[in-house]
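A.B. asks: Predicted structure and sequence below. I'll ask about it afterward.
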Amino acid sequence: MVGLHKSFGDHHVLDGVDLTVPGGTVYALLGPNGAGKTTMVNILSTLLTADAGEVRVAGHDVRREPARVRSAIGVTGQFSAIDMFLTGRENLRLMADLSHLDRRSAARDVAALLDRFDLVEAADRRALTWSGGMQRRLDLAMTLITRPRLIFLDEPTTGLDPRSRREVWDVVREQVADGVTVLLTTQYLEEADALADRVGVLDAGTLVAEGAPAELKALVPGDSTNLDDVFLALTGHAASAVGATHTADAIAPTAPNASTAQTGPTDQETTAR
Amino acid sequence: MNLTYVVRDSTTMLRRNLRHLSRYPSLAVMLIAIPVVFLLLFVYVFGGTLGAGLPVDGGGTRADYLTYLVPGIWIMTVSSVANGTAVAVAIDQTGGMFARFRTMDIARVSVLAGHVLGAVIRTVLALAVMIVVALLLGFRSDAGVVGWLGAAGLVLLLAFSFTWLTVAMGLAAGSIETASNTPLVLMVLPVVSSGFVPTEQMPVGLRQFAEHQPFTPIIETLRALTSGAPVGSEGWFALGWCVVIGVVGYLWSRRQFGRVPTR
Ligand SMILES: Nc1ncnc2c1ncn2[C@@H]1O[C@H](COP(=O)(O)OP(=O)(O)O)[C@@H](O)[C@H]1O
Ligand SMILES: [Mg+2]
């Protein structure tokens, strides 16, 4: 994406973001609450349209060819979007039917995913009765059953217990090993470090730093993984102070701003495989 | 998006909708119970008095009032089911299911089609229950097959229109409580029409309102159709209102469907 802008009223939520994710890699978008992470995921997944800028996903322009984009992506939003009145199995079956799998493949994939996500026992109970961690895993399984080439995960582990978090991390790694491209958002440097090939730090609508996790950590004094420390090092203010007025120039002295330079033909780069 | 997928995805969505119904029959029972309670209440508590006030030679009876009341109760049944539709839509909107569907490469129309078709099926079931209850209470009709077909067609058209209107209300609501409250308008309006008492018996201001609101021509038309009386110009007003409500509801729904819920 190049020059992405999005405002709600006179609130500039995304203020000129350039970003490229090579196929088959994991990109972590790190930022505190209100940084614009969800807004960006919504634009990439065709839910919102940008005010300005060019966004290509899997080689297709999100504005001109939204259907092609949708057929390539899978999205797990910040809050679990599952059908609480259906059972886990029925939720997965619904997604399989909507991705036009034939009966036999649908049944097979549903069973495999229930197994993979450790949901077999609860599979025939309504999702309403499940724990938050199980609902989150179901949400992820529903995203994967359509076999997307590119997945967006919006804060996939926020609020999860350590075990579920590790489970999600494993799934992300498996997907990447299969050649899937992943863009995830997170509030934890630790998570970005564990999963990502590249990390972008989003602050009040601009990318203030970008690089490999190690490069980013090198900027932070000590070995803190506290987001506030990262932000203090990068922007001169704490993460919680996001929204306070500061200009893009004020942030300039920071990171290897590889992102803004990278405005080349994003086509084949954002295309997974 | 080709037609095969439109049909296939809509069928999937309808199946989901009906599965909700079978999973939570209590909800459906409650939506039917409301108009049944109104019917019983008005016929047995007020029916004698209200019947006497009907413009029938020598004053009417409780049985005459039942005949008078039934079309209004049908409309109320349609409203009640539509109310449930608004809630179901709001659950999908605020719970993120619609957003999820919108990120998938499916026939867009299928998402709302599932709700609309499901609502029409629920309305037909609810009306069947109401007809049986009315017959048990002693409702009899002099109308022929044509009259009944006409009445059925009009009620279905109204159900379709109300469904689109309440789909929009559900999308716009922002919370499930709001979604269950806004459509109450559709439950109250039949009371302030010619559905429960003849408008001639209302005070002037109310009477003017009652005579010009959409429910009155619709109820009058149903009454004429099911009693074998001539329909007259009211029929055109009834059709017109149904179409207007449906078109407004559809356009409003389309506008609202693009919104991303914020949490
Ligand atoms: N639909 C909307 N209308 C108005 N403001 C919004 C809307 N969606 C998000 N915002 C605002 O945009 C900013 C970024 O939000 P969001 O993208 O959700 O951030 P994040 O996901 O990083 O927490 C917040 O200040 C939020 O209040
Ligand atoms: Mg967010």
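C.D. replies: All right, it came through fine. Values in this document were obtained by computation on a predicted structure and should not be read as measured data. Ligands and ions are numbered 1, 2, ... in the order given.

A.B. asks: hey, let's count contacts and neighbours off CA atoms from now on
C.D. replies: Will do.

A.B. asks: Chain B contacts on chain A?
C.D. replies: A:45-48, A:67-68, A:70-71, A:73-75, A:79-83, A:85-86, A:94, A:97-99 (Cα under 8 Å from any Cα of the partner chain).

A.B. asks: Remind me which helix or strand the residue nearest the centre of chain B belongs to.
C.D. replies: By Cα atoms, centre = their mean, chain B has its centre lying nearest to B:V78, at 2.0 Å. Per DSSP states H and E: B:V78 is located in helix B:62-94.

A.B. asks: does ligand 1 sit close to the helix or strand just after that helix?
C.D. replies: Once the chain leaves helix B:62-94, the next helix or strand it forms, by DSSP H and E, is helix B:97-102. No - Helix B:97-102 is not in contact with ligand 1 by Cα under 6 Å from any ligand atom; minimum separation 13.1 Å.

A.B. asks: Just the residues contacting helix B:97-102, thanks.
C.D. replies: Outside helix B:97-102, the residues that touch it by Cα atoms under 8 Å, 6 or more residues apart in numbering or on different chains are A:46-47, A:75, A:81-83, B:92-93, B:108, B:111, B:260-261.

A.B. asks: Look at the closest residue to ligand 1 within the stretch 101-250 of chain B and report its pLDDT.
C.D. replies: Of all residues in the stretch 101-250 of chain B, B:G174 sits closest to ligand 1, at 11.9 Å by Cα to the nearest ligand atom. Looking at B:G174, its pLDDT reads 86.

A.B. asks: If you tally nearby residues, what's the number for it?
C.D. replies: Residues contacting B:G174 under the criterion other Cα atoms under 10 Å in any protein chain shown number 17.

A.B. asks: Nearest spatial neighbour of B:T67, chain-adjacent residues omitted?
C.D. replies: B:F139 (5.9 Å; Cα to Cα, 6 or more residues apart in numbering or on different chains).

A.B. asks: Would you mind confirming that that neighbour is in contact with B:Y68?
C.D. replies: No - judged on Cα atoms under 8 Å, B:F139 makes no contact with B:Y68 at a distance of 9.6 Å.

A.B. asks: Which one's more surrounded, these two?
C.D. replies: More crowded of B:F139 and B:Y68, by other Cα under 10 Å: B:Y68, with 25 against 18.

A.B. asks: List the contacts of that one.
C.D. replies: B:195-196, B:223.

A.B. asks: which parts of the strand or helix carrying B:V111 are buried?
C.D. replies: Secondary structure assignment for B:V111, by DSSP H and E: helix B:108-137. Residues B:108, B:110-120, B:122-124, B:126-127, B:129-130, B:134 are the ones in helix B:108-137 that count as buried (16 or more other Cα atoms under 10 Å in any protein chain shown).

A.B. asks: how far does stretch B:95-105 sit from the chain's center?
C.D. replies: With Cα atoms, centre = their mean, to the nearest Å as the basis, stretch B:95-105 stands 28 Å off its chain's centre.

A.B. asks: ok, now stretch A:170-189?
C.D. replies: 8 Å.

A.B. asks: That stretch and ligand 1, any residue contact?
C.D. replies: No - if you take Cα under 6 Å from any ligand atom as the test, stretch A:170-189 misses ligand 1, and the best it gets is 8.1 Å.

A.B. asks: What lies in contact with that stretch?
C.D. replies: Residues contacting stretch A:170-189 (Cα under 8 Å, 6+ apart): A:21-33, A:37, A:148-158, A:192, A:195, A:225-227, A:272-273.

A.B. asks: Going along the chain from the helix holding B:V111, find the next helix or strand for me.
C.D. replies: According to DSSP H and E, the helix or strand after helix B:108-137 is helix B:145-173.

A.B. asks: buried set for the next helix or strand after that next one?
C.D. replies: Next in sequence after helix B:145-173, counting helices and strands by DSSP H and E, comes helix B:176-181. Going by neighbour count (16+ other Cα under 10 Å), the buried part of helix B:176-181 is B:176, B:178-180.

A.B. asks: which two from those residues end up farthest apart in space?
C.D. replies: B:I176 and B:S180 (6.3 Å; Cα to Cα).

A.B. asks: so how far is A:A123 from B:A33?
C.D. replies: 33 Å (Cα to Cα, to the nearest Å).

A.B. asks: A:D178 now?
C.D. replies: 26 Å.

A.B. asks: and the two? which has more neighbours close in?
C.D. replies: A:A123 (21 against 11).

A.B. asks: hang on, isn't the more buried one packed against A:L86?
C.D. replies: No - A:A123 is beyond contact range of A:L86, at 10.0 Å (criterion: Cα under 8 Å).

A.B. asks: what's the burial count for A:G53?
C.D. replies: 14.

A.B. asks: helices and strands around the helix or strand containing it, which ones?
C.D. replies: Using DSSP H and E, A:G53 sits within strand A:52-54. Judged by 3 or more Cα pairs under 8 Å, 6 or more residues apart in numbering or on different chains; DSSP states H and E, the packing partners of strand A:52-54 are strand A:2-8.

A.B. asks: After the strand holding A:G53, which helix or strand is next? Please name it.
C.D. replies: Criterion used, DSSP H and E; the element after strand A:52-54 is strand A:56-57.

A.B. asks: for the record, mean pLDDT for the next helix or strand after that following strand?
C.D. replies: Heading C-terminal from strand A:56-57, the first helix or strand you meet, by DSSP H and E, is strand A:60-61. Mean per-residue pLDDT for strand A:60-61: 92.

A.B. asks: Distance-wise, check the residue nearest to A:D193 when sequence neighbours are not counted relative to B:G246.
C.D. replies: Nearest residue to A:D193 in three dimensions, chain neighbours excluded: A:P213, at 5.2 Å (Cα to Cα, 6+ apart). For A:P213, the distance to B:G246 (Cα to Cα) stands at 55 Å.

A.B. asks: Show the pLDDT at residue 230.
C.D. replies: Using chain A here. 64.

A.B. asks: I was after chain B.
C.D. replies: 83.

A.B. asks: ok now do it, which residues does it touch?
C.D. replies: Going by Cα under 8 Å, 6+ apart, the list of residues near B:P230 reads B:A224.

A.B. asks: Secondary structure of it: a helix, I assume?
C.D. replies: No - counting by DSSP: H, G, I helix; E, B strand; the rest coil, B:P230 is not part of a helix but coil.

A.B. asks: Dihedrals phi and psi, it?
C.D. replies: B:P230 has phi and psi values of phi -70, psi 140 when expressed as degrees, to the nearest 10.

A.B. asks: ok, now the one 4 residues further on?
C.D. replies: Summarising the backbone geometry of B:E234 under the convention degrees, to the nearest 10, its torsions are phi -50, psi -40.

A.B. asks: Tell me who's in contact with it.
C.D. replies: B:217-218, B:220-221.

A.B. asks: Direction included, what does the strand holding A:G53 pair against?
C.D. replies: Take DSSP bridges as the rule and strand A:52-54 pairs in its sheet with strand A:2-8 (antiparallel).

A.B. asks: Is the partner strand in proximity to ligand 1?
C.D. replies: Yes - using Cα under 6 Å from any ligand atom, strand A:2-8 reaches ligand 1 at A:F8.

A.B. asks: Fine by me, we can end here.
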